[in-house]
Each structure stands twice: as C-alpha cells, then as structure tokens.
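**Student:** Model the structure of this input:
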Amino acid sequence: MRYFKHLFLFFVCISCMPNINAQWVTNHNPLFMPSVTKPAAYSSYTDPIFGTSVERISDCISLGFDGVVPDYSKRQAWNADESYLLLRSGTSDALLCNGNNYSFIKVLSGVAGEDVFWHPSDPNILYYNSDSILFSYTISTDIATQVHAFTQYTWANTRGEGNMSYDGRYYAVVGQKYNYTTGDVVFKDIVVYDIQTNTEISSMPIPQDSISGFDWTSISPLGNYVVVDYADETTGRYHGVEVYDRNMNFIWQKPLGAGHSDLGLDGSGDEVLVMDVYNADSNKTYLKKFRLSDGQETILMEVSELFDLHICLRNQQRHDWCFISTFDFTGRLTDDSLSWLPFEDEIFALKLDGSGDVQRIAHHHSRRFSPSTYDPDHSVYWAEPHATVCRHGDCIIFGSNWRQNMTQQNSVDAYLVDFRNFVGMNELNQPENKIDIFPNPAQDRAFVKLNIGNQNKVDLELFDISGKKLLTISENIIDQNNNLIELNIGAFSQGLYLCKVTTAENSYTKLLEKSW
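**Tutor:** Residues are numbered from 1 along each chain as shown. Have a look, this model is predicted:
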C-alpha cells in the first residue's frame, strides 16, 4: 500500500511540494571510502560520498549474539508486507525483528536448515527445511507444520541458495542419500515439488561423477525453469550451469564456473540468471545476464579481478535493476586511496539492460580478508556484506565489521541503507518507468497508470506466471491526464501476474500482486 499513499499525496500536494529527491552518483570512477566513525546501535549517518542514509540496526554484543547479519544476498530478508525482518546470528539462529524500527523481537526456536525463507504473500508464515522435511512456521503462534517429507533422501534442499517461485507454488531441491556406514553420498537427484498439489512432479538423477562439485539448484521466479549450478568450468552435460524446464527437460548449458549469482526478472519481464564470470585468458571478471529461456547472454559490467561480490535480485517491484556488493578477495589484503579501484567495497545497483547504468548506494566499511585474516580458514565469513534488497527495491541491508576486530565474529552487525527519497524511487517521477499500478498488492481492483504520452492505441494484456493470457484491454489514450485503465481482478487467484502494455513503438511490463 506504500505506493498508493505516495500517489494520493502526489495529487494533493503537487502544486506546493518541493523537490526532495536526492541525486544518484552514476559514474564509474574510483571513489575512495572515507573514514567514518562506526555508528552507535540504532543511529544513522549520511554516507559522505553517495548521500544515502545508513543506519546501524543491531547491537549483537548487547543482545548476546555472535554477530547479527542478513542471511544471504539471494534470500529475501523482509516478509510479504515488510512488517518483519529476518536476520541471522553468527551461530545461525533465526532472528525475528520489527520491519519498521528493526528492533529485535525473538529467536525463532527450531527454525533451522539451509533453506529458510518467507512465504511470498502471507506475511505471517515462513518456510524452513530441516534435513529432508519442509515445514511452514506461523509467526503469531510459533507453530511449525509439516508441508512435505522427501522420504527417499537424507537431505533435500536447494543447498542454501535457491528460492520458491514467486507465487509460492514450486520448489526445486537436490535430494541426497547418505550412507552412514561408508560416509559417502550414494546418489543425488533434482526434484521439483508442487506445493499446491503436494506432488513431486519431476525428478532427474545427477551422474555420480558430477556430484563432487555440485553447488545449488533453484526453481526460477515464475516457476518455468530449474537452474542447476555444478560449479565447474567444464563444457558438456552435467557441468557448469544447466537450465531445464519444470519437467526437467534440458534446455541449455554453459561452463560458467562457481561464481556468485541470483535469479530474477529483468525489465522486459524475462526470467534471468545474473552471475559473475571470470575469464582466465583476459584476467577479467564480468557481470553477465543469461536469459533462462534460451541462454542469451548480455555483458552488464566489468569489475576488478581482485574483488569477490554478491548479487541480489530480491527486488520484485523494481526488477530492471540488480544489486551488487563487492569485497576485496584474498589477492588484495590491503588497500589505500592511491590504489583504490572503481566500486571497491561498495554496494550499488546495476541496470539489467546492458547499458552499464549504475546507481551507487554506499560503502559498507567491512573487510573479511586482511593480513590477520588472510584466507577462508582464518577469517570471519559473515564479514562479507551479503547486501540484500527489499521487495520494493528502495532500501537494502548488509553486514559489516566496520574494519574493526576482524578476527572476531561478534564484530559484525547489520546496517540498513534507505534511498526512498532518491530520484526514481517514487515511480511517478521516474522517467523510464512507463507503468504504475496501484494499489499493488490489490484485492479486487487495480488501476494501471500509463506514462507514455498520447497514443492512438494501447493494448494491455494480463498473464499469469505460467504465461497464460487472462485478459486483453484495448484503449485509445488521447489525453495524458486521463490515462488510467481499470483491472477487475477479484475473481483471480492470489499470486503474481504480469501486466504488459504494448504501443505502436514499444512494450512495457510490470508485476501485479493479487492479495487475499
């Protein structure tokens, strides 16, 4: 409902409201991270380089936790209506916090495993997978309910990096059978589970020689594809990254190695994989986008080979951007202002159209690798920032040790960057955003506002996430001030829908969420 309130205030106050939108830093220059005093818990400061507001939202030592951090960049930290925030302690406790003032509420007892994520539309429910059993957990009652047991496996999960489909229907896991006598994994299968019908709808065995380097699997955001990362740079089947349809029919393979990645939608509404790919011949690292339907590749950006980074596409409402958090890897244990590199130790948004457009957000002031913490075995993993964006794409959280006490896990706390007042965050003022839907989520009616000028004819189509067209509306837009199209969605099922507007020159897409 946040954008509906923005719209109302816009029409009431447009004649007198000052321009409060701050300007983005959009260049690709090296911008050295200045010294900033570590903020006290629940206090904020303005980033001196980028102008964003940064708030420290935890105090792990006073709370008695061994660090407080976001779970992972590929996992959404906020629940469906952003009333709750899910963080982790350094010992993997699930920490429930208030989504508005970020205060700690409680440890979610029993919520454990590699897969812990929010229900995509019910703000009171999260899922977790303990060994081979998927549970739902109700926040208000602290009651866990078994959803499904993958009984043929010892473990069955995404390996900690996958998600459910946006509508909460599909879940792809790797099932592993463990031999406790020999200590070996006997076999692994990829399994696609349909929560709505409580059915394992497809599966595929993984060849034994591809088991050792296997990393993760996930269903795609709209549930149309299964992505498997075998985490090597070998060509051929069951290596690199492979993409299948929901029935585990093979589509394409690329030898992409073991880079960080995430799945999401781009500005065209296509399901995509964004991944960092190192090229040994050129000694360069590239951020690349791969369209899941056919593997079409787009180079988004080149970054220093001295970085590692995390990628986040958890922003469902502003899905033409991905969010990157870089950090120095083991080849760069020290730095200074004279050798500072572009985008070093930084959080920024990168546009998914290949233009190289960026919106630079903040320096995270964290360091995992240093002369005293020089490799993965002698450093604190949670000192990586793991920046995670909210569903609306206008604030982001990260973990940081503030380059202090780098050998201690309890030096890491969670921080939030709020950039809702920046240019483009209010959709009505964003020139490249041609569609606004309000309210969104909606129950019975939604209105589509078109910011496309006067058109002879506009076709609006609404699709469900399987690609089925549900309705078509044709309108003549002859007055830019009278360009609202009403959608009656009361009879539709709860979930996500894709709204596509086509003119004579272009087409534009935006997600619409149907709530209860």
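
**Student:** Quick check: which ranges of the chain have low pLDDT?
**Tutor:** 1-21, 424-433, 453-456, 465-466, 477-483, 516 (pLDDT under 70).

**Student:** again, only using 50
**Tutor:** 1-20, 427-432, 478, 481 (pLDDT under 50).

**Student:** Which parts of it are helices?
**Tutor:** Secondary structure of the chain (DSSP state H): helices located at 2-13, 60-63.

**Student:** just checking, what packs against the shortest one?
**Tutor:** In terms of contact count using 3 or more C-beta pairs under 8 Å, 6 or more residues apart in numbering; DSSP states H and E, helix 60-63 is assigned no packing partners among helices or strands. C-beta here means a position set from N, CA and C on the backbone, and glycine is covered the same way.

**Student:** Just the CA coordinates for it, please, in PDB.
**Tutor:** Once non-C-alpha atoms are left out, helix 60-63 reads as follows in PDB (Å, rounded to 0.1, in the frame of the first residue of the first chain):
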ATOM      1  CA  CYS A  60      24.900  -8.100  18.700                       C
ATOM      2  CA  ILE A  61      27.100  -7.800  21.800                       C
ATOM      3  CA  SER A  62      24.300  -6.300  24.000                       C
ATOM      4  CA  LEU A  63      21.800  -8.800  22.600                       C
END
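
**Student:** what's the domain layout of this structure?
**Tutor:** For the chain, automatic domain parsing gives the domain ranges 22-73+264-425, 150-259, 433-514.

**Student:** I'd like those domains as TSV, with distance to Pro123 appended.
**Tutor:** Output for the domains of the chain, formatted as TSV (distance: least, C-beta to C-beta, whole Å):
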stretch	distance to Pro123
domain 22-73+264-425	11
domain 150-259	12
domain 433-514	11
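
**Student:** closest one to Asn101 among the ones you listed?
**Tutor:** domain 22-73+264-425 (8.1 Å; C-beta to C-beta).

**Student:** what residue of this protein is the furthest out?
**Tutor:** Distance from the C-alpha centroid of the chain, by C-alpha atoms, centre = their mean, peaks at Thr181 (39.4 Å).

**Student:** give me phi/psi at that one?
**Tutor:** Here is the backbone geometry of Thr181 (degrees, to the nearest 10): phi -80, psi -50.

**Student:** when you give positions from now on, start the count at 10
**Tutor:** Happy to do that; since the first residue is 10 now, the last one works out to Thr190.

**Student:** how about it, what does it touch?
**Tutor:** With contact set as C-beta atoms under 8 Å, 6 or more residues apart in numbering, Thr190 has no partners.

**Student:** Mind listing the residues bridging to Glu522?
**Tutor:** Leu505 (DSSP bridges).

**Student:** Provide a list of residues in contact with it.
**Tutor:** Neighbours of Glu522 in contact, by C-beta under 8 Å, 6+ apart: Ser130, Gln325, Asn449, Pro450, Ala451, Gly504, Leu505, Tyr506.

**Student:** Include neighbour count when you put those into CSV, please.
**Tutor:** CSV is the format used below for those (neighbours: other C-beta atoms under 10 Å):
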residue, neighbour count
Ser130, 20
Gln325, 20
Asn449, 23
Pro450, 18
Ala451, 21
Gly504, 18
Leu505, 22
Tyr506, 23
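
**Student:** ok, back up a step: tell me which of the domains of the chain sits nearest to Glu91.
**Tutor:** domain 31-82+273-434 (6.4 Å).
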